[in-house]
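Asks: Give me the fold of what follows.
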Amino acid sequence: MLKNGGLNKLSFFRHSIGPSLRRNIIFPLYWKYIRNSNLLKCYYELKAHQWNSLEENKKIQRKKLFNLIHYASRNIAYYQRVISEGHIRFSEESIFEDIKKFPLLTKEIVRNEFNELYKFRDNTYYQNVTGGSTGKPVKLYQDMEYFGWAAANKILLNEWAGKKVGDPMVKLWGSTRDILKGGRGFRGYLREKFSGIIMLQSDRMTEDDLYEYVWKINHVKPVLILAFTNSINELARFIQEHHLSVYSPSAVMTTAGVLYPEVRERIIDVFHTRVFNRYGSQEVSDIACNCEKNEGLHLNGDIHYVEIVDDDGREVDNGTAGNILVSLLTNYTMPLVRYKIEDRGILSKKPCSCGRGLPLLEKVEGRVRGNFKNKFGDCINGGVFMDLFYSNKDIKQFQFIQEAYDHIMINLVMTEKKNIKNPGQHFKEINQKIYKIMEHKIKIEYNIVKEIIPSPSGKYFYFYSKVNE
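Replies: Residues are numbered from 1 along each chain as shown. Modelled structure (predicted):
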C-alpha cells in the first residue's frame, strides 16, 4: 500500500500531466534527448510526404529501394551470392523492374541463411522474434533507424483515426512481451501517465477482467482504442450480452487479424464510432491502414515497397488476389528484399478520394494458412466459414483447423448455459454447408473446449490450414 507521499505523487501526476504537456514537452524531449532517436525527423517527413502526389512519392520510394539493394549488394553475403549467381544487374532508373529478378525471401530462407543476412552498422541493433504461430518463430536483427520510422508511422496512423500525440489511448493487447514493457506498479503507472497509453492485457480475459476493462474505458475516456481484432470482438460481445454502457471513443483501430465485416459491424454497434483497420507484422511493423474515407488500406512508400504475386512469384494485376511481398526500406542491419510475409492481399485499381499520394491495398485476405484447399486444389478463403457460427449466441469462440484436404477440426467454446453432447449431430445443417463450400464430403470433427489458446504473439486464429504449411 502506498503511504501519503505516494498518494500525493499519484494525485499530482493524475492532475498535472495532460495531453498538451505530453504532446508539446514530454514527447519531443523524450525522443530527441533521452532516446536520441530519429523519430521526430521521420514523423515530420511522413506527415509531409502523405500529401505529395503519387508520382512524387514513387520517386522517393524508387531512390530508397535502390539505396537498400545497392547497400545489400556491397555488404550482405546472402544478397551478394544471389546477385552473383543470378547475374542480376540493377540501376536506380529501372529498380522497380530489376527487383523482380530477385528470388522471394521466405521465412525458411531467413532461418537457414540467418548468419548471411545481416551486418551491424553501429551499436543500435537489437534482436526481434516473430510470434511463431506455427511453432517456428523467425529471428531478426533490427536497428534504431528502423525503429524510428516504425514508431513515427504508428503516430501518423493514429492521427488518421483522430488521436494526437499525448491524447489518452487504451491498448487492448495480447502480446505478453509488450504488456511487460508497460510494467506494473508505480513504474508502470508513471509510464502510462507520461505516454497517455493504458495497457489492458487480452491474451486471457476472464469475466472479471472484462468488467474491469469496461470500467477503465469509461474512466479514462480514450480518444482511441487500439486492439487485437479478436480481443475487441470478445469485449464488444461481452458488452452486448451484459447490456453494459461503454464510452464512445473517436475511433477503434483493430490489428493482428482480419477484420471481417461481421466483426466491424459489432464494434460499430457497441462503441458507436468509426473503425480503422491496421495491417502489419512483427518483421516489418505496420504496412497499411485505412484513412477516414475507408476506401482501402494506404501503403506508405517511405517504409515499404509492396508487391502482389501469384504462387509462382509472378506479379498479378491490380484487383487480383495474390501473395504479399514486402521489401523493408528502413532496416539496413538486416535487409529484407521481397520478403514473403505469408499473407494474401489485393492492390486497389483506384486512388483514395482523401487526396493522399499513397497507393492502396484493396484488402488483406488473411494468412496464407488461413486459406483452405479442397481436393481439387481450389483455394478457399477461411473467412467464408465465418457466418456459420458468428451469429450463434451459444458459441463464445470458434476455430477451424484444416488437418487435411478431407478433414476439418472445429474447436468451440460454448456459453455456460449450453451443453452439447453430440455436436456432430447438433450442427448437422452446418456440416452440409461446409460440404458445399469445400465441394465434396469431408470428415468434420468437433471439439468442445474451455478456451482456445492464442499464439505466442497473442494473436488468435479463426482459421488455420495445415495443408498450406
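Asks: From the rest of the structure, what touches stretch 73-91?
Replies: 66, 69-70, 72, 98-99, 101-103, 113, 116-119, 335, 337 (CB atoms under 8 Å, 6 or more residues apart in numbering). Every C-beta, even on glycine, is put in place using the N, C-alpha and C of the backbone.
Asks: from the residues you listed, which is closest to L361?
Replies: Nearest to L361 among those, counting by CB to CB, is I99 at 18.5 Å.
Asks: distance between the ends of stretch 18-36?
Replies: Stretch 18-36 has an end-to-end distance of 24 Å (criterion: CA to CA, to the nearest Å).
Asks: Quick check: buried residues in that stretch?
Replies: Going by neighbour count (16 or more other CB atoms under 10 Å), the buried part of stretch 18-36 is 22, 26-27, 31.
Asks: So in this protein, which helix runs the longest?
Replies: In the chain, with assignment by DSSP state H, the single longest helix is helix 54-75.
Asks: in the helix or strand following that one, what's buried?
Replies: As assigned by DSSP states H and E, the chain's next helix or strand after helix 54-75 is helix 77-85. By 16+ other CB under 10 Å, the buried positions in helix 77-85 come out as 78-79, 82-83.
Asks: what about H242, neighbour count?
Replies: Counted with other CB atoms under 10 Å, the neighbours of H242 add up to 11.
Asks: actually K433, sorry about that
Replies: Counted with other CB under 10 Å, K433 comes out at 14.
Asks: from memory it sits against L388, does it?
Replies: Yes: under the criterion of CB atoms under 8 Å, K433 makes contact with L388 at 6.2 Å.
Asks: For stretch 385-400, output the C-alpha coordinates as CSV.
Replies: Extracted in CSV, the C-alpha atoms of stretch 385-400 (Å, rounded to 0.1, in the frame of the first residue of the first chain):
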residue,chain,number,x,y,z
PHE,A,385,-16.9,-20.1,-42.7
MET,A,386,-17.4,-17.0,-40.5
ASP,A,387,-21.1,-16.8,-40.9
LEU,A,388,-21.7,-20.4,-39.9
PHE,A,389,-21.1,-19.7,-36.2
TYR,A,390,-20.7,-16.0,-35.9
SER,A,391,-24.4,-15.2,-35.1
ASN,A,392,-24.9,-18.3,-32.8
LYS,A,393,-25.3,-16.8,-29.3
ASP,A,394,-24.5,-20.1,-27.7
ILE,A,395,-20.9,-20.0,-29.1
LYS,A,396,-18.3,-17.7,-27.4
GLN,A,397,-15.4,-18.7,-29.7
PHE,A,398,-14.7,-20.9,-32.6
GLN,A,399,-11.7,-22.1,-34.6
PHE,A,400,-11.5,-24.0,-37.9
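Asks: could you give the mean pLDDT of it?
Replies: The average pLDDT within stretch 385-400 is 75.
Asks: who touches A150 in this structure?
Replies: With contact set as CB under 8 Å, 6+ apart, A150 has these partners: 285-286, 303, 330.
Asks: what two of these are the furthest from one another?
Replies: For those, with distances taken as CB to CB, the pair at the greatest spread is D286 and T330 (11.9 Å).
Asks: higher neighbour count, these two?
Replies: T330 (23 against 19).
Asks: Where do the domain boundaries of the chain fall?
Replies: As recorded under automatic domain parsing, the domains making up the chain are 39-365, 374-465.
Asks: Point out the most buried one among those domains.
Replies: domain 39-365 (a mean of 18; mean count of other CB atoms under 10 Å).
Asks: tell me how far the ends of it are from each other?
Replies: For domain 39-365, the end-to-end distance is 31 Å (CA to CA).
Asks: Just the element for L172, please.
Replies: According to DSSP H and E, L172 maps onto strand 169-173.
Asks: Tell me the strands beside that strand, with direction?
Replies: The sheet places strand 169-173 alongside strand 197-201 (parallel), strand 224-228 (parallel), with pairing taken from DSSP bridges.
Asks: Would you mind extracting the C-alpha trace of the first one into PDB?
Replies: Same thing as strand 197-201. Output in PDB follows, covering the C-alpha atoms of strand 197-201 (Å, rounded to 0.1, in the frame of the first residue of the first chain):
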ATOM      1  CA  ILE A 197      -1.400   4.900 -23.100                       C
ATOM      2  CA  ILE A 198      -3.300   2.400 -20.800                       C
ATOM      3  CA  MET A 199      -2.400  -1.200 -21.400                       C
ATOM      4  CA  LEU A 200      -5.000  -3.900 -21.000                       C
ATOM      5  CA  GLN A 201      -3.900  -7.500 -21.300                       C
END
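Asks: and whichever helix or strand comes after it, what does it pack onto?
Replies: Next along the chain after strand 197-201, taking DSSP H and E as the criterion, comes helix 207-220. Applying 3 or more CB pairs under 8 Å, 6 or more residues apart in numbering; DSSP states H and E, one finds that helix 207-220 makes contact with strand 169-173, strand 197-201, helix 229-241.
Asks: what pLDDT, on average, does the second one get?
Replies: Model confidence over strand 197-201 averages 88 on the pLDDT scale.
Asks: next one: the longest one
Replies: Over the span of helix 229-241, the pLDDT mean works out to 87.
Asks: Then the first one?
Replies: Computed over strand 169-173, the mean pLDDT rounds to 91.
Asks: Name the residues that touch it?
Replies: In contact with strand 169-173 (CB under 8 Å, 6+ apart) are residues 158, 163, 179, 196-202, 213, 216-217, 220, 222-228, 231-232, 235, 249, 458.
Asks: Just the C-alphas of it, formatted as PDB.
Replies: Only the C-alpha atoms of strand 169-173 are listed here, as PDB (Å, rounded to 0.1, in the frame of the first residue of the first chain):
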ATOM      1  CA  MET A 169      -5.500   5.800 -25.600                       C
ATOM      2  CA  VAL A 170      -6.500   2.300 -24.400                       C
ATOM      3  CA  LYS A 171      -4.400  -0.500 -25.900                       C
ATOM      4  CA  LEU A 172      -6.200  -3.900 -25.700                       C
ATOM      5  CA  TRP A 173      -3.200  -6.100 -26.400                       C
END
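Asks: what's the angle between it and helix 207-220?
Replies: 160 degrees (axes from the mean of the first three to the mean of the last three CA atoms, to 10 degrees).
Asks: Helix 229-241 and strand 169-173, what's the angle between them?
Replies: Here the directions of strand 169-173 and helix 229-241 differ by 110 degrees (the same axes, to 10 degrees).
Asks: Give me the distance from strand 169-173 to the chain's centre.
Replies: Put simply, strand 169-173 sits 14 Å off its chain's centre (CA atoms, centre = their mean, to the nearest Å).
Asks: same check, this time on stretch 244-261
Replies: Distance, centroid of stretch 244-261 to centroid of chain: 14 Å (CA atoms, centre = their mean).
Asks: any idea of the mean pLDDT for it?
Replies: In this model, stretch 244-261 has a mean pLDDT of 90.
Asks: Endpoints of that stretch, how far apart?
Replies: Stretch 244-261 has its terminal residues 23 Å apart, counting by CA to CA.
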